[in-house]
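# would you be able to build a 3D model of this:
(chains A and B)
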Amino acid sequence: MITTTDLTKVYRSRDREVTALDGVNLHVRPGQVFGVIGRSGAGKSTLIRCLNLLERPTSGTVTVDGQDLTALDRRSSHRAGRPLREARTHIGMIFQHFNLLTSRTVRGNVELPLEILGLGRRERARKALELLDLVGLADKARAYPSQLSGGQKQRVGIARALAGDPKVLLSDEATSALDPETTRSVLRLLRDLNRQLGLTVLLITHEMDVVKAVCDSAALMEGGRVTESGTVADLLATPGSRLAHELFPLTGSPAPGGTVVDLTFDGESTGRPVISQLSRTFDLDVSILGAAMDTVGGHQVGRMRIALPGDAAQTAAAVAFLRDRGLTVELPAVTADTPVSADAPATAPGEGAVR
Amino acid sequence: MTWEEMRPLLEQGIVDTLYMTFWSTLIALAGGLPLGVLLVLTDRGGPLRNVVVNKVIGVVVNIGRSLPFIILVVALIPLTRSLVGTAIGPTAAIVPLAIGAIPFYARLVETAVREVDHGLIEAAHAMGGGTWTVVLKVMLPQSLPSLVAGLTTTFVAVIGYSAMAGAVGGGGLGNLALVYGYQRFEEGFTLVTVAVLVVIVTVFQLLGDGAVRLLTRRERASS
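Presented below is the predicted three-dimensional model:
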């Protein structure tokens, strides 16, 4: 639904160049909720603005719903030509600071894109009220944005973005100015719209919780590049994935003398008593150093860090056993943030042992 | 001077002042609004960015603003004559007054429009809006209170300028104060004219402020 190839954006000022995007290849499938996460300055904002050509990419192409937008752009002018403007009416966008006109009522704000589309007065009113109903704000049609809460404002923004019956919704840090409770309700709305309307959503955010709550797929951006991307399930199953680690941090002090093993349970394997099977089969004393269960992108996922005593051969056999049971198994290098010390176990989360 | 002598002069003066000021302000609105908007649109980062056009308009506006008004009146006599048919009288005075007021209002428009949140303009572009949409549906409605406040300021400034319209026989209250009051040492008459001017300015300032308040009330209203 959205594809970028070698997307590059270089800002040139008099004496220096800043590369905001450095060859970004992104592929968002229809019906996905795709999250791009990164720190500020990573290029997320530039990326999302390049997707509807609010920013003109220096090189590379952007294809949305089969249409090459970069080909619609006239190089000679800073203005967007008619074909590009027409294409934009079918790409919804919502913003961190909502960007609602304070001079118009809620209904008037939703009608603005309908005016651009050239709908008649009666048709506009009908459609605007329908959209407001969809986002649960039918009773606020006559209010002004200043009379609304942040969450309500973003709902108006969403209704406005849906006016052109878009297949794609771009979300530019849409929940970053909202409190956690409101964030959850706005994300739930996006998820519902994604399911009800088959809307493809690309969102950029710096909050891992947002990705965790709604995204099917995610990409990590650093220094203008996409360094990891894939479905959330695949990322969690990828050994050494930093996104997986961020999505699902696992800590725990390694037991002295044991081999530390990280396990990821996904789907069916979450229900099985794998650890006690392991313990019985190999007659091993397995120490659980840390564990967590969570719902990521609608999937139940569990991660566990355990320590296996015994020699290399035993460990290898145990790892093979676990892989055979459908678990993702990693042998992390013991890092500095998991110190081995006598005091540490008391603070380690999920400390316990299965014997 | 007695009140009976002053009255007809004052009445004519009020009529002339309001006549010149109204028309000049109206023309300033018609000319200054597009110029001010164009200054923002053609500026760096604007949707019609064009350094040459921007600089040219900027320079013209600055020249218009820096010329002493009395010089403008004299310099424009040929233009006035070709437009109005005569270079004297209140109608003739409208030409230099309007031409002086256009750049004045243009700068106020520029400041007001520049205040519009860039995010709103970006949102309009993201919806597929073009430059006309941005100007007519975002920039102007969002800056309307400031545009009205600026027009009030222009109106009051033009009343002040109109005193010098007397140089080309424009008449008006300012001219009366000069000719009858100052030059004939009729201090009483000067005071009366000035008082009338103060009343006019106050009334229009209040009207303008009221309009601005009306326009911003709904936007700032909080639940």
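# residue nearest the centroid of chain B?
residue B:154 (3.2 Å; CA atoms, centre = their mean).
# buried stuff in the helix or strand where that residue lies?
Residue B:154 is part of helix B:140-162 when elements are defined by DSSP states H and E. Buried residues in helix B:140-162, counted by 16 or more other CB atoms under 10 Å in any protein chain shown: B:140-152, B:154-159, B:161-162. Yep, even glycine has a C-beta here, placed from its N, CA and C like the rest.
# repeat for stretch A:205-216
A:205, A:208, A:210-216.
# nearest to residue B:83, of those?
residue A:205 (60.8 Å; CB to CB).
# any idea what the closest one is bridged to?
residue A:37 (DSSP bridges).
# how about the helices in the chain?
You didn't pick a chain, so chain A it is. A:44-51, A:69-72, A:82-88, A:106-116, A:121-134, A:150-161, A:180-197, A:208-214, A:232-236, A:242-247, A:274-282, A:312-324, A:344-347 (DSSP state H).
# you looked at the wrong chain, it should be chain B
Counting by DSSP H, chain B has helices at residues B:3-41, B:51-66, B:69-75, B:77-84, B:90-114, B:118-126, B:131-133, B:140-162, B:173-176, B:187-220.
# could you dump those into CSV and include distance to chain A?
Below are those laid out as CSV (distance: least, CB to the nearest CB, whole Å):
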stretch, distance to chain A
helix B:3-41, 10
helix B:51-66, 12
helix B:69-75, 35
helix B:77-84, 35
helix B:90-114, 13
helix B:118-126, 4
helix B:131-133, 6
helix B:140-162, 4
helix B:173-176, 37
helix B:187-220, 4
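# what about these, which gets the closest to residue A:258?
Among the helices of chain B, the nearest to residue A:258 by CB to CB is helix B:118-126 (54.5 Å).
# helices and strands around that closest one, which ones?
strand A:91-95 (3 or more CB pairs under 8 Å, 6 or more residues apart in numbering or on different chains; DSSP states H and E).
# any idea how far the nearest residue to residue B:9 once chain neighbours are set aside is from residue B:11?
Nearest residue to residue B:9, sequence neighbours excluded (CB to CB, 6 or more residues apart in numbering or on different chains): residue B:176, at 5.8 Å. The spacing between residue B:176 and residue B:11, counted by CB to CB, to the nearest Å, is 11 Å.
# up against chain B, what does the stretch 51-200 of chain A have?
A:52, A:54, A:78-80, A:82, A:85-89, A:91, A:93, A:95, A:97, A:99-104, A:112-113, A:115-117, A:143-144, A:146-148, A:160, A:163-164, A:170 (CB under 8 Å from any CB of the partner chain).
# where does chain B have low pLDDT?
Low-confidence segments of chain B, defined by pLDDT under 70: B:167, B:218-223.
# distance of residue B:113 from residue B:36?
Separation of residue B:113 from residue B:36 (CB to CB): 6 Å.
# same question, residue B:23
20 Å.
# settle it for me: which of the two has more neighbours?
residue B:36 (27 against 18; other CB atoms under 10 Å in any protein chain shown).
# contacting residues for that one?
By CB atoms under 8 Å, 6 or more residues apart in numbering or on different chains, the contact list for residue B:36 reads B:105-110, B:112-113.
# in space, what's closest to it - neighbours in sequence excluded?
Closest to residue B:36 by CB to CB, 6+ apart is residue B:109, at 2.5 Å.
# with residue A:198 instead?
residue A:31 (5.4 Å).
# pull the CA atoms of stretch B:149-166 into PDB?
Extracted in PDB, the C-alpha atoms of stretch B:149-166 (Å, rounded to 0.1, in the frame of the first residue of the first chain):
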ATOM      1  CA  ALA B 149      -7.600  45.300  14.300                       C
ATOM      2  CA  GLY B 150      -5.100  46.400  11.600                       C
ATOM      3  CA  LEU B 151      -7.800  48.000   9.600                       C
ATOM      4  CA  THR B 152      -8.900  50.100  12.600                       C
ATOM      5  CA  THR B 153      -5.300  51.200  13.100                       C
ATOM      6  CA  THR B 154      -5.100  52.100   9.400                       C
ATOM      7  CA  PHE B 155      -8.300  54.100   9.700                       C
ATOM      8  CA  VAL B 156      -7.100  56.100  12.600                       C
ATOM      9  CA  ALA B 157      -3.700  56.700  10.900                       C
ATOM     10  CA  VAL B 158      -5.500  57.900   7.800                       C
ATOM     11  CA  ILE B 159      -7.500  60.400   9.900                       C
ATOM     12  CA  GLY B 160      -4.100  61.800  11.000                       C
ATOM     13  CA  TYR B 161      -2.800  61.900   7.500                       C
ATOM     14  CA  SER B 162      -5.900  63.700   6.200                       C
ATOM     15  CA  ALA B 163      -4.900  66.800   8.100                       C
ATOM     16  CA  MET B 164      -2.200  67.300   5.500                       C
ATOM     17  CA  ALA B 165      -4.700  66.800   2.700                       C
ATOM     18  CA  GLY B 166      -5.400  70.500   3.200                       C
END
